[in-house]
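In: dropping a prediction and its sequence here:
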Amino acid sequence: MRKVKSPEIYHAKEIMKFKSNSDLKKYYEKMWNKKGYSGYIENGINISKIYDRKRKKAALNFLNPKKEEIILDAGCGNGKISIKVSKKCRKVYGVDISKNAFKKVMKINPKKIEFIQTELEKLPFENNFFDKILCIETLEHVINPERVLKEFYRVLKSSGTLIITYPTKAIVERIYEFLVPKKKFIISEHLTNYSYSQLKNKLEVTKFKIIQKKGLFFYIPFQAWFRHTAFGTKKMVGLETSIDKFMFNQNGVALIAKKEN
């Protein structure tokens with residue numbers, strides 16, 4: 001893994017560059033062996049965890065698991081979502097590049113779940129195996145997202161659906177970067193940074209058709225301008241949440257994409 005330092009990064013001291021999935025695996029094994037994924041912390045408040053609830057709720061609502069379905073949780077992390085989904089379907093396969101990520105949950109031997117350490121670019125499943133695939137905030141962490149989407153297409157049944165959440169840039173972020181060009185809003189572990197239109201194009205090229213979507217509003221860089229004011233981080237989080245309804249400012253998306261033959 002090569003780390004490229006940059007003085008122009010906002011909310012990230014360095015951008016991470018991985019030469020191979022072997023490097024990526026080593027990084028996440030080490031991370032999960034310590035304390036897991038901590039997320040982005042501002043003034044002692046874990047912003048990532050606050051908005052993690054929102055995107056997971058949206059994704060699970062879209063997933064709507066049925067008792068006869070076999071579901072893939074791609075990039076399952078600690079396995080908590082896999083366990084939740086397994087209560088409503090036939091079986092869940094949770095896959096992640098890091099075995100340490102789901103090591104703890106495997107000790108309780110959860111029913112109807114099988115955890116597998118693997119690269120998403122090389123899924124160890126037959127063609128047309130899954131009814132649905134759930135991919136929450138994972139696509140931006142892989143080296144080859146195009147290859148991952150092709151694998152999703154391969155292992156999905158002909159009538160299968162793919163549920164994705166992905167952090168996209170909101171208009172306010174673009175305005176901020178235009179006004180303050182030396183301050184880039186970048187999360188170092190995000191290896192890709194697609195706009196919604198770019199993500200849509202990637203899906204369409206892989207023969208997925210988006211049939212439903214929901215914008216999600218997360219943390220914005222303007223918050224840094226107010227964090228030392230009377231608002232404070234907690235109040236700013238509340239304010240940002242309250243303006244979720246404004247479609248133009250969504251910087252995350254949850255979507256359902258159907259496999260086309």
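Out: That came through, no problem. Numbers count the residues shown, from 1 in each chain.

In: make it CA atoms for all contacts and neighbour counts henceforth
Out: Fine.

In: reduced to three states, what does the residue nearest to Thr206 when sequence neighbours are not counted come out as?
Out: Nearest non-adjacent residue to Thr206, counting by CA to CA, 6 or more residues apart in numbering: Lys150, 6.1 Å away. The three-state assignment at Lys150 reads helix, by DSSP: H, G, I helix; E, B strand; the rest coil.

In: could you measure from Lys150 over to Lys56?
Out: Here the criterion is CA to CA, to the nearest Å. By it, Lys150 lies 23 Å from Lys56.

In: neighbour count winner among these two?
Out: Lys150 (19 against 16; other CA atoms under 10 Å).

In: next one, pLDDT for the more buried one please.
Out: Predicted confidence (pLDDT) for Lys150: 98.

In: also the one 4 residues further on?
Out: As summarised for this prediction, Arg154 has a pLDDT of 99.

In: same thing with Ile164?
Out: pLDDT at Ile164 comes out at 96.

In: and Ala12, by the same measure?
Out: Looking at Ala12, its pLDDT reads 41.

In: one more: the one 5 residues further on?
Out: What the model reports as pLDDT for Lys17 is 77.

In: ok, it - how many residues close by?
Out: With other CA under 10 Å as criterion, Lys17 counts 17.

In: show me what it is bridged to.
Out: Arg2 (DSSP bridges).

In: relative to Met106, how far out is it?
Out: Taking CA to CA, one finds Lys17 at 30 Å from Met106.

In: assumed Leu123 was part of a helix.
Out: No: judged by three-state DSSP, Leu123 forms no part of a helix; its state is coil.

In: give me the element Asn201 is part of.
Out: helix 196-205 (DSSP states H and E).

In: which residues in the stretch 1-150 of the chain form helices?
Out: Shown for the stretch 1-150 of the chain, the helices assigned by DSSP state H, counting those that start in this stretch span residues 21-34, 47-63, 80-86, 103-106, 145-155.

In: can you put those in TSV and add distance to Gln198?
Out: Formatted as TSV, the helices of the stretch 1-150 of the chain follow (distance: least, CA to CA, whole Å):
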stretch	distance to Gln198
helix 21-34	23
helix 47-63	20
helix 80-86	27
helix 103-106	35
helix 145-155	12
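
In: so which of these is the most surrounded?
Out: Among those, helix 145-155 has the highest mean neighbour count (mean count of other CA atoms under 10 Å), at a mean of 20.

In: just the CA atoms of that helix, as CSV, please.
Out: Output of helix 145-155 as CSV, limited to C-alpha atoms (Å, rounded to 0.1, in the frame of the first residue of the first chain):
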residue,chain,number,x,y,z
PRO,A,145,-15.9,-1.5,-8.7
GLU,A,146,-16.6,-2.4,-12.4
ARG,A,147,-15.4,-5.9,-11.8
VAL,A,148,-17.4,-6.2,-8.6
LEU,A,149,-20.6,-5.1,-10.4
LYS,A,150,-20.0,-7.8,-13.1
GLU,A,151,-19.7,-10.4,-10.3
PHE,A,152,-22.9,-9.2,-8.8
TYR,A,153,-24.6,-9.6,-12.1
ARG,A,154,-23.2,-13.1,-12.6
VAL,A,155,-24.3,-14.5,-9.2
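
In: what sits up against stretch 57-68?
Out: Stretch 57-68 is contacted by residues 85, 88-90, 132, 134, 136, 163-165, 214, 254-256 when judged by CA atoms under 8 Å, 6 or more residues apart in numbering.

In: turn the residues you listed into CSV, including distance to Asp52.
Out: Compiled in CSV, the contacts of stretch 57-68 are given as follows (distance: CA to CA, whole Å):
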residue, distance to Asp52
Val85, 16
Lys88, 21
Cys89, 23
Arg90, 26
Lys132, 21
Leu134, 15
Ile136, 9
Ile163, 16
Ile164, 13
Thr165, 10
Lys214, 15
Ala254, 12
Leu255, 16
Ile256, 18
